[in-house]
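Participant: Just to be clear, the model below is a prediction. Sequence and coordinates:
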Amino acid sequence: MKKIVISLGGSLIVPKVGFLDLNFIKKFKNLILKFARKYRIFIVVGGGKLARFYQQEARHLKIKRTDLDWLGIFASRLNTQFVKSFFDQQSFSEIVTSPLKKIKTKKIVFLSGWKPGWTTDFVATKICQVYKVKEILNLTNVDYIYDRDPRKNKKAKPLKKISWSDYLKIIGRRFKPGGNYPFDPVASLLAKKLKIKLISLNGKNLKAVDNYLTGKKFIGSIIK
């Protein structure tokens with residue numbers, strides 16, 4: 001079976017602190033189940049705005065970097081558990097925390113944050129390395145990757161195709177806990193090394209996701 005690795009942005013699950021987007025999760029589930037018999041699917045769920053909320057508050061306490069990482073990891077695990085509960089028996093029984101552990105199952109596998117220094121984007125990239133997958137489907141809350149933050153700059157230009165080297169020039173090579181990246185620098189450096197292609201789509205536009213999975217033209221960006 002062909003394998004699909006999905007990095008599911010946590011902000012799609014929790015668009016704002018105190019609100020869970022149940023409608024999105026239900027539609028996402030229906031779409032994934034449509035392809036579950038054809039593909040072996042790995043879904044890594046990020047901490048998103050929930051993680052950033054805890055990390056921003058914790059910074060006032062001047063806690064160490066490792067503790068900030070753990071807050072992000074547990075936010076990711078909470079989001080993962082919530083999404084997984086919608087899939088019931090169609091998913092593997094456990095949330096897998098280590099991407100280095102090979103799982104022998106045809107069911108959908110959910111993964112979360114693992115340990116300090118490892119973002120969920122990095123976990124998704126390591127899964128590709130372990131299972132020899134050459135593409136990551138990255139679901140965010142914007143249609144494209146831009147040359148600058150479109151929420152802060154109206155002149156931001158969408159980048160439909162870009163190299164890893166040029167993408168890293170835009171986001172930088174140093175990662176900060178709670179940073180808001182389309183795909184983080186540490187994961188990007190590994191993806192570049194492994195020659196993995198990233199397809200970045202707006203998860204809210206599930207038609208674009210469906211089009212990608214069925215080999216049709218889609219709205220989104222490609223990094224390779």
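Facilitator: The structure has been received and is ready for your questions. Since the model is a prediction, treat every value here as computed from it, not as a measurement. Numbering: from 1, shown residues only.

Participant: Now for Ser7: which residues touch it?
Facilitator: The contact partners of Ser7, by Cβ atoms under 8 Å, 6 or more residues apart in numbering, come to 44, 46, 120-121, 124, 136-139, 183. Just so you know, the C-beta spots here come from the backbone N, C-alpha and C atoms, and that holds for glycine as well.

Participant: tell me which of the residues you listed is nearest to Ile73?
Facilitator: Proximity of the contacts of Ser7 to Ile73 (Cβ to Cβ) peaks at Thr120, which lies at 8.7 Å.

Participant: which strands and helices sit next to the longest helix along the chain?
Facilitator: Looking across the chain with DSSP state H, the single longest helix is helix 65-87. Packing partners of helix 65-87 (3 or more Cβ pairs under 8 Å, 6 or more residues apart in numbering; DSSP states H and E): helix 10-13, helix 22-35, strand 39-45, helix 48-59, strand 91-96, strand 108-111.

Participant: Of those, which is nearest Ala156?
Facilitator: Between Ala156 and those, the shortest gap by Cβ to Cβ is with helix 10-13, which sits at 17.9 Å.

Participant: Output that closest one as CSV - backbone C-alpha positions only.
Facilitator: The C-alpha coordinates for helix 10-13 follow below in CSV (Å, rounded to 0.1, in the frame of the first residue of the first chain):
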residue,chain,number,x,y,z
GLY,A,10,-3.1,22.1,15.5
SER,A,11,-4.7,25.5,14.7
LEU,A,12,-7.1,23.6,12.4
ILE,A,13,-8.3,21.7,15.5
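
Participant: From the contact counts, what lies against that helix?
Facilitator: The contact analysis (3+ Cβ pairs under 8 Å, 6+ apart) places helix 10-13 against helix 22-35, helix 48-59, helix 65-87, strand 135-140.
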